[in-house]
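Participant: Fold the following.
(chains A and B)
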Amino acid sequence: MPELLARLLRSPQGALGLAIVAMALLAVAVGPLVAPYAPEGLFPLNRYKAPSAAFPLGTDQYGRDILSRLLHGARATVVMAVCATALGTLAGAVVGTASAYWGGRGDEAIMRTIDAIMSVPSLLFALLIVNLLGKSSVNALIAVAIAFTPAMARISRSVALTVRKQDYINAAIARGEGAPYVVLREMLPNVVAPIVVEMTIRVSFAVMLFATLSFLGLGAQPPAPEWGLMVSEARKFMHLSAWMILWPSLAIAFVAIGFNLLGDGLRDALNPRT
Amino acid sequence: MTAVLDIAGYTLDYALPKGGSFRALENIVLTIARGEVLGLVGESGSGKTSLAWAIMRYLPGNAQEVGGTIRLNGEDLRSKSPAEIAAIRGRRIGMVFQDPSTSLNPTLTLGAQLSEALVRHRSLTLKQAWAEGEAMMAKVGLHRPADMMHRYPHEASGGEKQRVVIATAFSCQPECILFDEPTTALDVITARQILDLFRRLQDETAVASLYISHDLAVVATVADRVAVIHRGRLVETAPVIQVFNRPQADYTKRLIAAVPRPDRRLNDTTADAEAAPLLEVRSLTVRYGQESLVRRLLGVERERVLGNRAVSLSVQPGEILGVVGESGSGKSTLARALTGLNPFDGEILFDGRRIASAGDMDRAYRRDVQLVFQHPDSSLNPRQRIGEILSRPLKLYGNGHEADFPQRVAELLEQVHLPRSFAQRYPHQLSGGEKQRVAIARAFASHPRLVICDEITSSLDVSVQAAVIQLLLDLQRRFGTAYLFITHDLNLVRQIAHRIAVMFRGELVELATVGELAAGPKHAYTTALIDAVPAPVG
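Facilitator: The predicted model follows:
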């Protein structure tokens, strides 16, 4: 693990990605503690303010401090994105690996179903699920997780297929091991590296997908300080203060780029041949 | 005789990513005269291939040449520019690689690849080159060369492909050709034919050849002089007869002693032929390929590939039954069927118990019949420590309490002459021979009565192979385990087996005791196989 970190830090995109992600995680951990105001604290006399000493990033249409809302919102936005991706990745990895293990007709049936699901764009798919389950943050999380599962299953399967041919899998089967042991203990640890890389890249998709869902009014509901929702609300007041839409958009872009760079860095760090 | 290739004091380092460097070749001194074949013998990692690439001037980026000269007919290759080297490669120095299936481009016809070299180096027109290529193909003994020119690599057999590669190497009449293990990837009989071809072309063209191989027996049959390389140093260079009859260096002596020879038997035990057989296989047939649902609905019968055709044999308790045959003869298919990795027809009787399908193989059968694979790299899970790998069978077959496992793992490691501390290591921290010992220890963890060894020594160096075979024989004497020993090395199996089964195209063609086989095989294929095996050295 320390060696991996060293390799990660050696590549510029890895180091930068790690720094950005660390900052985002720091905001998640201590953001609410260092925020100058409460996220819903109203200052009716200070609406649409540009950045100033009292409000470092300005205020919104109700006079709420944007910096405080961003710091509080980091939890909702980043944690949700990571959770949804992790959930989707785990489900996809197990489905894909099991499919590769079974092979034959079971594999065929699973993969054709996944192809069918993948033909629906993930945003549309998430919209569909949220509409079915109802508007809420948890439902948005489930929707994004489900939307990510097919693609992760496909990637896991292709990696697992090469692992499936290895003799240690044959050895396990010849030893009389059951399917759960072979899939979970013999195969999964060997497909994990490429999946982790894919997962970090997908976190940035999830951040954007959540922002989109909230923007469309299907994820977090007002007055939650979710970043996508903040952008959505600020849109109406753009002509009064551009800062309101700028800061949360920048925050989303920042986190998305951070995870993307980390994913690129990890891919190089985990593959010694590059 | 003037030297065509003259290497003097050549030293090569590889820079390591963590700093420092690894010395791959040290003070190499070699000369090859016109018409001479120099055999370069060494084990894996000894620097054989590094030397070949150094001569071809195609070294990886982290290579550092410390000193020395490489001269081709007096010209120093190290001082040549990349453009000059490009003109020399293929034209004046040819190269033949180990595996013809990867050294030919699968998207170009054989003719296109052969004539490309002629157009490039001999300035022929495409038409002339094609005609010349056809002549070369005829010269290397390919039937219907005109037809062969239009074929793609996948439409030719391994031996045919290697002939095309050799034709390409000889086509530009180079001064020197490097052969890097040209027969290692081929079957015994095909390899023999390629060696005969090599000798004929060598005599006709009087090219200077560097023949790289790990196989002493092969080198003994083709080379005039032999250079033995060990850890980047040449330990001995001498005429072939002298090296094999009066080796000077200790390393050469060890290497020659490790080469299997059928007349030196390693196994003094005898199997009880009268006892009830431990394993009986009755007309076992394995078909490959799945029947497609659509085809079955349409009622279309498809011819399925036969892996094994009605194979019947038996193994006595404590017997070593050797199974030999070339690749694709169904040896491994048999091993896979016996361990439930392939579906099969026919029946297996183990200790009197009838097994008609993989579903009948219960835990007791799996415990009694263990399989060791060819490549230890792929048969050990890279993400598990050795301790975890070895304790899994103990847990699975319920041998003792979990608290005793570390002790049992240590005993297993000692059984295969490995230190106890290896339990904490990962497979990639072990050498090939050590990994194969771990795989053997895993098979013996459940105290099996039959161990199926599927080519377990063929990816190992000859000295490591000798040690692994010795270990297997020790374990057999100690536990009375029976082996089904699958190999392509007839010399090796004649050293250790009680009886030998010969397989050809999925069928069992001969099953005889070692004595009967030595007296004279009955089947024509067995005779061909024995004749094709290079005579043991010494």
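
Participant: Where does the prediction get shaky in chain A?
Facilitator: A:1, A:271-274 (pLDDT under 70).

Participant: Which residue ranges of the stretch 301-450 of chain B form strands?
Facilitator: Using DSSP state E, counting those that start in this stretch, the strands of the stretch 301-450 of chain B run over B:305-315, B:320-324, B:345-350, B:353-355, B:369-372, B:450-454.

Participant: between these, which one is nearest to B:Arg92?
Facilitator: Among the strands of the stretch 301-450 of chain B, the nearest to B:Arg92 by Cβ to Cβ is strand B:320-324 (41.7 Å). C-betas here are computed from N, CA, C, even on glycine.

Participant: returning to that earlier point: of the strands of the stretch 301-450 of chain B, which shows the lowest average pLDDT?
Facilitator: Note on the strands of the stretch 301-450 of chain B: strand B:305-315 shows the lowest mean pLDDT, a mean of 87.

Participant: Next, the angle from that strand to strand B:345-350.
Facilitator: 20 degrees (axes from the mean of the first three to the mean of the last three Cα atoms, to 10 degrees).

Participant: Within the sheet, what are the partner strands of strand B:305-315, with directions?
Facilitator: strand B:279-288 (antiparallel) (DSSP bridges).

Participant: who wins for proximity to A:Pro2 among the strands of the stretch 301-450 of chain B?
Facilitator: strand B:369-372 (35.6 Å).

Participant: Determine the set of other helices and strands touching the closest one.
Facilitator: helix A:167-175, helix B:432-444, strand B:450-454 (3 or more Cβ pairs under 8 Å, 6 or more residues apart in numbering or on different chains; DSSP states H and E).

Participant: from the chain's centre, how far out does the shortest one sit?
Facilitator: Pointing back at strand B:450-454 there. The chain centroid and the centroid of strand B:450-454 are separated by 18 Å under Cα atoms, centre = their mean, to the nearest Å.

Participant: That strand near chain A at all?
Facilitator: No. Looking at strand B:450-454 against chain A by Cβ under 8 Å from any Cβ of the partner chain, there are no contacts, and the closest approach is 8.9 Å.

Participant: Any figure for the gap between the closest residue to B:Val509 other than its chain neighbours and A:Gly258?
Facilitator: Distance criterion Cβ to Cβ, 6 or more residues apart in numbering or on different chains; nearest residue to B:Val509, sequence neighbours excluded, is B:His523 at 4.7 Å. From B:His523 over to A:Gly258 the distance is 70 Å, taken as Cβ to Cβ, to the nearest Å.

Participant: Which one of these two is surrounded by more residues?
Facilitator: The neighbour comparison of B:His523 against A:Gly258 (other Cβ atoms under 10 Å in any protein chain shown) goes to A:Gly258, with 25 against 14.

Participant: who does the helix or strand where that one lies touch, helix- and strand-wise?
Facilitator: In the assignment (DSSP states H and E), A:Gly258 maps to helix A:243-270. Packing contacts for helix A:243-270, counted by 3+ Cβ pairs under 8 Å, 6+ apart, involve helix A:2-10, helix A:12-34, helix A:66-74, helix A:188-215, helix A:227-234.

Participant: that older thread, would you turn the strands of the stretch 301-450 of chain B into JSON lines with mean neighbour count?
Facilitator: Shown next, in JSON lines, are these (neighbours: other Cβ atoms under 10 Å in any protein chain shown):
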{"stretch": "strand B:305-315", "mean neighbour count": "18"}
{"stretch": "strand B:320-324", "mean neighbour count": "27"}
{"stretch": "strand B:345-350", "mean neighbour count": "18"}
{"stretch": "strand B:353-355", "mean neighbour count": "14"}
{"stretch": "strand B:369-372", "mean neighbour count": "27"}
{"stretch": "strand B:450-454", "mean neighbour count": "25"}
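
Participant: Turn those into a markdown table, including distance to B:Leu255.
Facilitator: Formatted as a markdown table, the strands of the stretch 301-450 of chain B follow (distance: least, Cβ to Cβ, whole Å):
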| stretch | distance to B:Leu255 |
| --- | --- |
| strand B:305-315 | 33 |
| strand B:320-324 | 24 |
| strand B:345-350 | 40 |
| strand B:353-355 | 44 |
| strand B:369-372 | 25 |
| strand B:450-454 | 23 |
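
Participant: Give me the number of neighbouring residues for residue 147.
Facilitator: No chain in the question, so chain A it is. The number of residues packed around A:Ala147, counting by other Cβ under 10 Å, is 26.

Participant: Chain B is the one I meant
Facilitator: B:Asp147: 13 neighbours (other Cβ under 10 Å).

Participant: Would you report the backbone torsion angles of it?
Facilitator: Main-chain torsions, B:Asp147, degrees, to the nearest 10: phi -70, psi -40.

Participant: ok, now how distant is it from chain A?
Facilitator: 35 Å (Cβ to the nearest Cβ, to the nearest Å).

Participant: Kindly state the pLDDT recorded for that residue?
Facilitator: Listed pLDDT for B:Asp147 reads 90.

Participant: swap in B:Glu455?
Facilitator: 90.

Participant: Could you do B:Asn399 as well?
Facilitator: Note for B:Asn399: predicted pLDDT of 68.

Participant: rewinding a little: can I get the helices and strands packed on strand B:369-372 in TSV including distance to B:Arg264?
Facilitator: Output for those, formatted as TSV (distance: least, Cβ to Cβ, whole Å):
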stretch	distance to B:Arg264
helix A:167-175	31
helix B:432-444	21
strand B:450-454	20
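
Participant: Quick one: closest of these to B:Ser209.
Facilitator: helix B:432-444 (28.7 Å).

Participant: how about residue 255, what does it touch?
Facilitator: Because you didn't say which chain, this covers chain A. Shown in contact with A:Val255 (Cβ atoms under 8 Å, 6 or more residues apart in numbering or on different chains): A:20-21, A:24, A:77-78, A:81, A:204, A:207.

Participant: look at chain B instead
Facilitator: Applying Cβ under 8 Å, 6+ apart to B:Leu255 gives the contacts B:41, B:43, B:216, B:228, B:462-463.

Participant: right, so the helices and strands packed on strand B:369-372: which one is the most enclosed?
Facilitator: Per residue and on average, the most neighbours among the helices and strands packed on strand B:369-372 fall to strand B:450-454, with a mean of 25 (mean count of other Cβ atoms under 10 Å in any protein chain shown).
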